[in-house]
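*Asks:* Predicted model, plus sequence, below.
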Amino acid sequence: MSKPVFFDKIVAREEAPARVAALARPVVFTNGVFDVLHRGHATYLARARELGGSLVLALNTDASARRLGKGPDRPLNNEEDRAVLMAALESVSLVTWFDENTPLELIAELKPDILVKGGDYDMEKLAETAVVKAYGGQALAIPFVEGYSTTALVKKIRSAN
Ligand SMILES: Nc1ncnc2c1ncn2[C@@H]1O[C@H](COP(=O)(O)OP(=O)(O)OP(=O)(O)O)[C@@H](O)[C@H]1O
Ligand SMILES: O=P(O)(O)O[C@@H]1O[C@H]([C@H](O)CO)[C@@H](O)[C@H](O)[C@@H]1O
């Protein structure tokens, strides 16, 4: 049986520049691990998409995510499975990965119009913000949906067993 159409949203990093060039502007960009999807993610991504014509989501590879120190067994979901989950969301236009510690190089290459993160970030403290502003882009934080995080969810699941 053929894969669902939304799989077409998932592209290797090498293909990303060509695919992003074909997206509706303004191109919104966000990044993260997105290990176990929750309501805060879904709400945040829908709001991010509303800021422009398309939304590019860059996932940390498993190796990159492991360097973030979110926990010895994190990410629980591998980079392919995380990409499929994100691509299934209507708000997401394109999914790719980055293997570095931060998406700085990918952002400099793709030059999205708007960089967004959730409200748990201070955009002015991110090196990515200076890169985006240098070519005339914007860097915005989207309000945090209190009470939702993957870490909290994982703890809840573990305590239930
Ligand atoms: N509750 C939330 N409301 C809004 N944005 C969120 C929320 N949780 C995460 N985000 C955003 O989603 C993106 C991915 O974050 P991430 O995958 O780290 O989620 P997380 O739930 O914080 O995970 P973890 O607890 O493992 O750190 C980031 O841009 C982050 O700002
Ligand atoms: O899922 P997270 O922990 O929100 O994603 C991280 O975001 C960092 C942020 O963009 C500041 O640079 C990034 O550096 C890190 O690689 C994760 O994507």
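*Replies:* Thanks, I have the structure now. Ligands and ions are numbered 1, 2, ... in the order given.
*Asks:* Now do the phi/psi pair for the residue lying closest to Val36 once chain neighbours are set aside.
*Replies:* Leaving aside its sequence neighbours, Val36 sits nearest to Thr150 (C-beta to C-beta, 6 or more residues apart in numbering; 4.6 Å). Using the backbone N, CA and C atoms, a C-beta is placed for each residue, glycine as well. With angles defined as degrees, to the nearest 10, Thr150 sits at phi -60, psi -40.
*Asks:* Do I have it right that Thr150 meets Ala65?
*Replies:* No: with contact defined as C-beta atoms under 8 Å, Thr150 does not count as touching Ala65 (11.0 Å).
*Asks:* anything in contact with each of those two?
*Replies:* Counting by C-beta atoms under 8 Å, 6 or more residues apart in numbering, the common neighbours of Thr150 and Ala65 are 33, 35.
*Asks:* Go through stretch 103-113 and flag the buried ones.
*Replies:* If you call a residue buried by 16 or more other C-beta atoms under 10 Å, then stretch 103-113 has these buried ones: 103-104, 106-107, 110-113.
*Asks:* before we move on, what about stretch 66-85?
*Replies:* 66, 70, 74-75, 77, 79, 82-85.
*Asks:* Filter those down to the ones in helices?
*Replies:* Of the buried residues of stretch 66-85, the ones assigned to helices by DSSP state H are 66, 79, 82-85.
*Asks:* Go through the residues you listed and name the one nearest ligand 2.
*Replies:* Arg82 (10.3 Å; C-beta to the nearest ligand atom).
*Asks:* What residues does the closest one make contact with?
*Replies:* Contact analysis of Arg82 by C-beta under 8 Å, 6+ apart lists 33-35, 59, 75.
*Asks:* Please apply the same query to Phe29.
*Replies:* So Phe29 contacts 55-58, 103, 107, 110, 112, 114-116 (C-beta under 8 Å, 6+ apart).
*Asks:* same deal with Val132?
*Replies:* Counting by C-beta under 8 Å, 6+ apart, Val132 has contacts 107, 112, 114-115, 138-139.
*Asks:* tell me the mean pLDDT for the helix or strand hosting it?
*Replies:* In the assignment (DSSP states H and E), Val132 maps to helix 127-134. For helix 127-134, the mean pLDDT works out to 98.
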